[in-house]
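**Student:** predicted coordinates and the sequence they were generated for:
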Amino acid sequence: MAPRKTPERRGEELEREYVIPLRASQHQPSRRRRAGHAVETVRRFVLRHMKGKPEDVWIDPRLNEHLWEHGIQHIPSFVRVKAIRFEDGLIEVDLLTGE
């Protein structure tokens, strides 16, 4: 038998880096809704992977500006982010810049 994974404690701070694909946001919505759809895609991705609530996700303004940088129609095909879930359940999503 494979060993069981120990469940993560909710009270601990959790920090992870993700590469979020936004390719579907380029094709699925109409041209005038792509950037907004990309923001919602980031929010849904973080919720699924960090196990939080929609009202607890805070997207950094730098990440929002990066998604809207070339206008509403031309969004990046992926974005690298750092997500931190704090002890109180708040999830902060920040743009990960190249080191």
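**Tutor:** Cool, the structure landed.
**Student:** please count neighbours and contacts with C-alpha atoms only from this point.
**Tutor:** OK.
**Student:** residue 34 - that's part of a strand, no?
**Tutor:** No: under DSSP: H, G, I helix; E, B strand; the rest coil, residue 34 falls outside any strand and is assigned helix.
**Student:** which of the helices or strands spans residue 76?
**Tutor:** In this structure, residue 76 sits in neither a helix nor a strand according to DSSP states H and E.
**Student:** before we move on, what about residue 64?
**Tutor:** Taking DSSP H and E as the definition, one finds residue 64 inside helix 61-67.
**Student:** also residue 41?
**Tutor:** Using DSSP H and E, residue 41 sits within helix 34-50.
**Student:** separation between residue 40 and residue 33?
**Tutor:** With the distance defined as C-alpha to C-alpha, to the nearest Å, residue 40 ends up 11 Å from residue 33.
**Student:** with residue 78 instead?
**Tutor:** To residue 33, residue 78 is 17 Å away according to C-alpha to C-alpha.
**Student:** where does residue 93 fall, helix, sheet strand or coil?
**Tutor:** Using three-state DSSP, the secondary structure recorded for residue 93 is strand.
**Student:** can you report how many residues lie near it?
**Tutor:** Here the number of neighbours of residue 93 (other C-alpha atoms under 10 Å) works out to 25.
**Student:** quick one, what contacts it?
**Tutor:** Going by C-alpha atoms under 8 Å, 6 or more residues apart in numbering, residue 93 touches 46, 57-60, 63, 81-84.
**Student:** just send the residues you listed back as a markdown table, with neighbour count too.
**Tutor:** Shown next, in a markdown table, are those (neighbours: other C-alpha atoms under 10 Å):
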| residue | neighbour count |
| --- | --- |
| 46 | 25 |
| 57 | 21 |
| 58 | 15 |
| 59 | 17 |
| 60 | 12 |
| 63 | 19 |
| 81 | 20 |
| 82 | 16 |
| 83 | 23 |
| 84 | 21 |
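**Student:** on that earlier part again, whichever helix or strand comes after the helix holding residue 64: partners in the sheet, and parallel or antiparallel?
**Tutor:** Next helix or strand after helix 61-67 toward the C-terminus (DSSP H and E): strand 78-85. Within its sheet, strand 78-85 is paired with strand 14-21 (antiparallel), strand 91-95 (antiparallel), according to DSSP bridges.
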